[in-house]
Every structure is written in C-alpha cells, then in structure tokens.
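Asker: model the following, please.
(3 chains)
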Amino acid sequence: MPSGAVVEHFLIEVAIYYILTWSIYLNYRQGHLYVGSFFTMGLAAYLTTFAIRDWGWPFELAVLTSVALGAGIAFLLALRLGKASSFANMLGSLAPLLVFQVVVRNLEFLGGAMGLFAIPKVGYLLPFTLGAAALVGLAVYRWDHSHLGRAQDVLSDAPEVAATQGTTAYKFAVALETAAGAMGGLVGAIYAPFVGSISPHGFNFGLIINSATFLFVGGHTTMWGLVVFTPILWGLRIFLPSQAASWTLIIYGTLLAAVILLRPEGVITRQVLRSIRVNSQALVERLKTVRANRV
Amino acid sequence: MEIFLAQWINGISLGSIYALLVIGFNLMSIVAGVTHFAYPHVVVLSMYVIWYVLGATGDNAPIAILAGIGSGVAISLATEPIFRPLTARRAWIASFIATLGLSMIITDAMAHGMHAGRVIPFPTSFVGTVPVYQLGVATLFRGQLMTFIGCISVMVGFFYLLYRTQTGRAFRSMAENPFVARLRGIPIARTSRNSYVIAGLLGGMSSVFLSMALRYASPALGNFLALKVVTIALLAGLGNLRGGLIAALIIGMVESMVTGYVPGEWAGAVVFGAMLIAIMARPAGVFSQEAQSSG
Amino acid sequence: MAKRNSVLEIEDLSVSYGPVRALTHINLEVNEGEIVALIGANGAGKSTLLEAVLGINDINSGTIRFLGKDITKRPTDWIVASGICLVPEGRGILSLMTVLENLQLGAYHLKANFGERLTRVYDRFGVLRERSKQMAGTLSGGEQQMLSIAAGLMSAPKLMMFDEPSLGLAPVLVAEVFKIIVNLNREGYTILLAEQNARKALGIAHRGYVFETGNVVLSGSAQQLAGDPRVREAFLGGSMK
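Answerer: Sure, this is the predicted structure:
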C-alpha cells in the first residue's frame, strides 16, 4: 500500500496532467495539435523559482504572474500561429519549447544544464493544485457546453463550413491558444515548488507524449476521457510491479497506436457518455419506482 | 578558413543525410498518406542492426551494410499492413499520432533491449576515420566523403526514379490526385506498397550513412532526428520533395556552422528558432506550391 | 435486326453510398460502334453509373459485363487495363505534371507501341504536341479537356466513357469537344456519354437512357427520345413522375 506522501505526489501529478491535457483537448477540438502550454510551463517554472526563492514573492503572486505571462506570450504567438494549418500549428507550438531548452542550457545565470535548486516548498500545494485543476475543469466544461463550444464543434465536423468561417476559426484558435498558455503558466508555477529543483531537460518532449497518450487513448472528443484515463495510465508506474513499470513507454505507445487504428475517437466517446447518461437516468427512474412501490 | 572548410564539409554530409531522411519521410506522406513520425526511429533501429551484425561478424562491413538496408526495407514492409487503414483514410494527424505511438515503442525497446540503452559506438574501421585529404588543419575523413558521395548518389537515383520512370510518375500522380491516378489505371494498393519499399530502402541507406557520419547511436537519437526531419519537411511544405531537399541541406549547413563557430551548444536553438520564424512568417509552409491544408 | 457485338451490359445494377441509394435496378447496354447517351439532371446518377462501371463505387447488386466478361467485382486498375477509360467531369488531368507525363501515365498499362500511339494522339491534338513539355496546369480549359481525352486514348480503350464533357467550357469549345467525340466514334471507338446538355448529347448519340433519381425512366433511340414530349418537358424544368 503506497504511503501518504506517494499518494499526495501522485494526486498533484495527475492534477498537473489534467490541466496540461485539457489545454491540448481544447485546441484539438478544431484540429489543432497545439502544445504551447508545455513551453509556458517551462517559462513559468523558471519565473516562479526565482520569484519565491530569490525575490521573496508570495506563492500566489508568482502563480498570477505566471498565468499572465503564459497567456501573454501564447497570445502573441497565436496571432500568427492561429492562421497555420494543423501541422504548422503543432510544430510552431513545439519549437519554442525546443528553443527554450537549448537557450536555458547555455545560460549559466539561468542555471545552465544543471538547473536551479532549493526551491522552497509550499505547504498547501496539494489542495491548491486540486483546486486549480477543478477550476480549469469547470472552465473547460463551461466552454464545451456553451454555444461557442458548439460552434467550434461545427468547425471540425464540417470542414466545408470551416472554410467559409475562416475568421471564426482564427478567433477561436487565438482565444484557446491563449487559454492554453495560461494553463501552462499555472502548471509551471505549481511544478517548481512541487519538484524542488528544475532543469531544462525536465521540460521535454516526453511530457507531451504522455499527455497525448492520455488524451487520445482516453477519448479526444470529450473532456472526460482524459479524466478517467490519466490516473489509470499515469498510475501504471506506481501500481505495477517495478519490472513492468519500466516498460510504461512501450505500453503507452502500443495503446496510442492501437487506439488510433482500431477506435480512432478513443475509449470514451460522446456515444459512450450519452449511453451512460441514458442508462443512469433509467436507473434513477427504476429506483424511484421501487421506492414508491415499497411505500 | 580551414575551420570554415571543415565545418562546410561536415555540414554538407549532415545536410545530405537529413535530405535523405526528409525525402523518405515526404514520400511516405504523399504516396502512402502517412505522416511517419517514427521513420527516423526505424532508421536508428537499423543502425542498431548494423552494430549487432558488425559485432557478430567481426566487423564485416559489406554484410553489415546489407543488413542495415535490408532491415530498413523489411521493417517498412512490415508496417504497411498496419498502416493500411490510415492510408485509405489519408488521415494525416491520425497517422502522425499512430506513428508517435510507434516511435515510443521503438525508443523504449531500444532503451531496454539493446545494449541496455547505452550509447553504441561504431568501430573505426567501419566509420572510416582515415583521413583522405588534408588542408592545413581541416581534414576530410573517408567517412565524410563516402557519406557525401553516397547521399548524393542516392538522391540522384531517387529523383531519376521519380521523374524518369513510370513508377515515379505513378507516385507523383497519387500524390497529386489519387482519383485521377485511379482513372489512369494505376494500381493504388500496389503503388502504395512500392512507396513503402522505396522509403524503406532510403531509410536503410540513411542508417548506413548515419553510422559512418555520427559514429554512434542511442535510443534518444530517434526523437532527436525525428523532430528535425518533421521540422524540415514542414518548413518546405509537407510533401514538397525538391523543397525538402534544399531545406535539409541548408539546415545541415546552418547546424554545422553554428556548432563550429558559436561556443556552447546553440545549434538546436538556431535550427528550431529558424523553423519558428519561418512558420510565423508563412504559416502555410515556406516552399509549398499550394498551401497544404493537412488534418 | 441482327444483334451487334455487345461491348457493355449492365444488368439490374444497384449502388448505394452508405444508406443513400444512388442507383436502383439499372439495365443498360452499349453495342460496338455506338454512341450511347445518358441524360438527366445533376445528381440523377449518371456519374455514379460510370464510376460503378470502372469499379470505383461499391456495387450492392447486379452485374456488369464487358465484352462478355463479368467485371463486377474487379478492381479499377484491372478494368482500365482491359480497355475501359473514363474521361471524368472537370478535367481529369494532373496539373503538376507535364502534358507528356500525363500521356505517359495514360499508357501505364500499355507499354507496347507507345511511340506510335503518342504520334497519333499528337496528330489528332496538335496543340498538345506544341505544349508537350509544359505543366498541364498551365493549359487553357479547352486544352486540358483535350489532354484528358488524349490520356484516355493512350490506353487504346475499347470503350470510352465521358462524364459531362461540356461542363465549364465555352459554347465554342463545347462544339469542338462534341466534334471530337463524333470523330472518335467514326474511327470506331464505342462511346458512353453522360451529359446534362440533353440536346447536344442526343444530337450525336445513336441511343439514350434518361436518368431520374437513380432510375432509368426512359430509353430508346436518340430520335425517339428527342421527339418525346416528356423528355422535352423534363429538360425545361418539369419532373417526369
């Protein structure tokens, strides 16, 4: 039975992946595989480290500044990137992360390749992170069910319509990429005190691969697929015997390839959600009748 | 001056290998309709095959080279039936994600199974560190010369295939308009399979040249190459064969020059930074004849 | 009247796109040396039929026989190789390849006597000889249509099918194209033609079939159809049902 510390660690990690994966989800709704949140995560982590370790800022201020920074940078990038095709968009959002890694590695005052250490802990990080994830989830939920969210659905379902709605697609892209940037900033600010030390190597392609696995295996057409599958898939590392756990990457890769080939929408699709809703409504009705009969 | 020459030679060798990889990648993308992110990973796998064969046969170069090329074709053909549903759909992003999964499998397999994931060095007899020409401080090594000549020959051969044979014309017709290609009676399935064979051949040859030029291989090499290859392919416009070639040579040169002249390891930043700038400037791709809308 | 050699026989053919029925129980035949016209409004199923013959659409039921042999389940490349070509709607050419390359691809299955056939095609369409090294996309609309026909000819077809050859062409060019089709027929090519412009189509055809929402509602000789009041009415707006 894993210890309390391990569980706390796990919960924070899952919450972090929730936020990051939702940021990909939001943009993928219109076909953009945008991964800019990982870049703003790196920026925010470094900023927060200096802020709370060297400049004596309170944690909340660092978080707010990180979110603002993430949003601002993502917004500027999105002004051009929003017009790009799916691939250009993906690579354009990945490139800053790669550049960031190299630049930081070479700059000693940013810690160079070894990174920055002795980042002070934040005592209430667990509830804070869980709260942050819940807030982001709520926002995603509201977007999904708003008329804007539905309009975005049309963009991806009916590409001919999308072609005529060029400016709308662009506006959505800019808005959601900015949101993703903000989400990355939030995660970065949490990540620094969580891990205690950061290095450029830590913000790498592997994080993106994990998130992509959670999203596409879980189901990319709804926000709930990743909610169910992130803890399961991430938990493989902890809950599998250590021999098997080291093969996590192969398991992720196999699941990812298998899902795309066999069940492209992912495990949890809108159909699945609908049938869950219908069945649970039927169940509630049944229970009510049983209760009424008993009386 | 001599350093310049040395870096120039290095740059051309590197660039011509990138060019081969980009050509193979583009071929798969335009004929088979598969955005094969794992293509460079398969190449690295072939490099491991070469290394094993060298070890097993006492550094027998010709056999090892054949093994490398053969493994490239064999693996490519093996993946064809798996990718067939994606080819039919011509689903660019889906195939990217599926091959992302494949790349994870390959990387992890190499990390676990081959040499316990440590870096594998290629014996000097294979690599050809025999200096061939000396100009002051700059030395042209046999390996570099062979790489350069080899790559150029392969590229010439490939473009001959593409522009002067019916097979090549069939490839180009499928790339441009699969419907019209069908009307001309071009066997779609067979042509698609042919592209797997050619891409596999190109990949196998790349693995030979890479072994000679880089002199080492590691599980991490797959991602490293893949990010560059996808970047270059996109810079030139996905599927643009000639543009991809030019872009690859330029990137190879830039990388080499930066490594040679700028202290520190800034090459990656420059390459990906250039890509970012190019995407921002022309979101549809730099050399593309028609804006490729993928996704 | 003695039965001429049958080139194409379609028996009881039905084709669907998923749940949507595109063709229902079609019976049709084309004999050697004929021009057969398929007329009807857009979406009536004419193109679907031509594509079904070529093996592009999935066939629900029915048979297609070419020169006596059953080709219903055959793949497209086999069907093209056995001698059927389709000149599609909207210029079936590869604009990023040269005129010559388009013609070379037309001869994909027939490598023998390539030079001869190329010369004959160039003799027929002089403008293509002039532009042989140019990218097909730089040709004018009329020239592209000619290239499309020429590429089909390169495969020495025994049946040539045309899908809306007049579409998108100026009236002068339309007349040109129809003249070409008539000449091809005079030289012995069997032609199956789908065309919205009923008057022009019936003007050159021997026989015709009228399509409406996936059914053949009328058939007969071109004269009979041209004189039929229902046909006249249909192509001025009214429905035939």
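Asker: quick one, what contacts residue 171?
Answerer: I went with chain A, as the question did not name one. Contact partners of A:K171, counting by CB atoms under 8 Å, 6 or more residues apart in numbering or on different chains, are A:G82. Any C-beta I mention is one placed from the backbone N, CA and C, and that applies to glycine too.
Asker: oops, wrong one, chain B.
Answerer: B:L27, B:I30, B:V31, B:L162, B:T191, B:N194, B:S195.
Asker: same check, this time on A:V259
Answerer: A:F216, A:V217, A:G266, A:V267.
Asker: wait, which of these is closest to B:T167?
Answerer: Minimum distance to B:T167 across the contacts of A:V259 is 35.1 Å, recorded for A:F216 (CB to CB).
Asker: would you confirm that that closest one contacts A:A257?
Answerer: No: using CB atoms under 8 Å, A:F216 is not in contact with A:A257; the gap is 9.9 Å.
Asker: how about the closest residue to C:E9 other than its chain neighbours, phi and psi?
Answerer: Closest residue in space to C:E9, ignoring its immediate chain neighbours: C:R65 at 4.2 Å, by CB to CB, 6 or more residues apart in numbering or on different chains. Backbone torsions for C:R65, taken as degrees, to the nearest 10, come to phi -120, psi 130.
Asker: what's the answer for A:S199, then?
Answerer: According to degrees, to the nearest 10, A:S199 has phi -150, psi 160.
Asker: please apply the same query to C:A156.
Answerer: phi 50, psi 60.
Asker: can you report how many residues lie near it?
Answerer: 16 (other CB atoms under 10 Å in any protein chain shown).
Asker: quick one, what contacts the residue nearest to C:E9?
Answerer: With CB under 8 Å, 6+ apart, C:R65 has these contacts: C:S6, C:L8, C:E9, C:I10, C:E11, C:I71.
Asker: looking at it, the first one is touching C:E29, isn't it?
Answerer: By that I understand C:S6. Yes: using CB under 8 Å, C:S6 is in contact with C:E29, at 5.9 Å.
Asker: related to what we said a few turns ago, now, the contacts of A:V259 that are in helices?
Answerer: A:F216, A:V217 (DSSP state H).
Asker: most neighbours of all the contacts of A:V259, which one?
Answerer: In terms of neighbour count, A:F216 stands highest of the contacts of A:V259 at 29 neighbours, by other CB under 10 Å.
Asker: contacting residues for it?
Answerer: A:L256, A:V259, A:I260, A:G266, B:I97.
Asker: same thing with C:E34?
Answerer: C:E34 neighbours (CB under 8 Å, 6+ apart): C:R4, C:V7, C:N185, C:T190, C:I191, C:A205, C:H206, C:R207.
Asker: cool, and C:R199?
Answerer: Per CB under 8 Å, 6+ apart, neighbours of C:R199: C:A226, C:F235.
Asker: how near is it to chain B?
Answerer: Going from C:R199 to chain B by CB to the nearest CB, to the nearest Å gives 27 Å.
Asker: what about the closest residue to A:I250 other than its chain neighbours, distance to B:L21?
Answerer: In this structure, A:I250 finds its nearest non-sequential neighbour in B:D108, 4.3 Å apart by CB to CB, 6+ apart. Plainly put, B:D108 is 21 Å away from B:L21 if you go by CB to CB, to the nearest Å.
Asker: more neighbours, the two?
Answerer: Under the criterion of other CB under 10 Å, the comparison of B:D108 against B:L21 puts B:L21 first, with 28 against 21.
Asker: tell me which element that one falls in.
Answerer: helix B:2-27 (DSSP states H and E).
Asker: please apply the same query to C:E9.
Answerer: Going by DSSP H and E, C:E9 is part of strand C:6-17.
Asker: and after that strand, which helix or strand comes next?
Answerer: strand C:20-31.
Asker: partner strands of that next one, parallel or antiparallel?
Answerer: strand C:6-17 (antiparallel) (DSSP bridges).
Asker: which stretch of helix or strand covers the residue nearest to A:Y252 when sequence neighbours are not counted?
Answerer: Of all residues not flanking A:Y252 in the chain, A:T213 sits nearest, at 4.4 Å (CB to CB, 6+ apart). For A:T213, the element it lies in under DSSP H and E is helix A:205-218.
Asker: got the contact list for the next helix or strand after that helix?
Answerer: Next in sequence after helix A:205-218, counting helices and strands by DSSP H and E, comes helix A:224-239. Applying CB under 8 Å, 6+ apart, the contact partners of helix A:224-239 are A:2, A:6, A:10, A:13-14, A:17-18, A:21-22, A:25, A:137, A:210, A:213-215, A:217-219, A:244-245, A:248, A:251-252, A:255, A:266-269, A:273.
Asker: buried subset of those residues?
Answerer: In those, burial by neighbour count holds for A:10, A:13-14, A:17-18, A:21-22, A:25, A:137, A:210, A:213-215, A:217-219, A:248, A:251-252, A:255, A:266, A:268-269, A:273, counting by 16 or more other CB atoms under 10 Å in any protein chain shown.
Asker: so the residue nearest to A:Y252 makes contact with A:I251?
Answerer: No: contact between A:T213 and A:I251 fails when scored by CB under 8 Å: they sit 9.1 Å apart.
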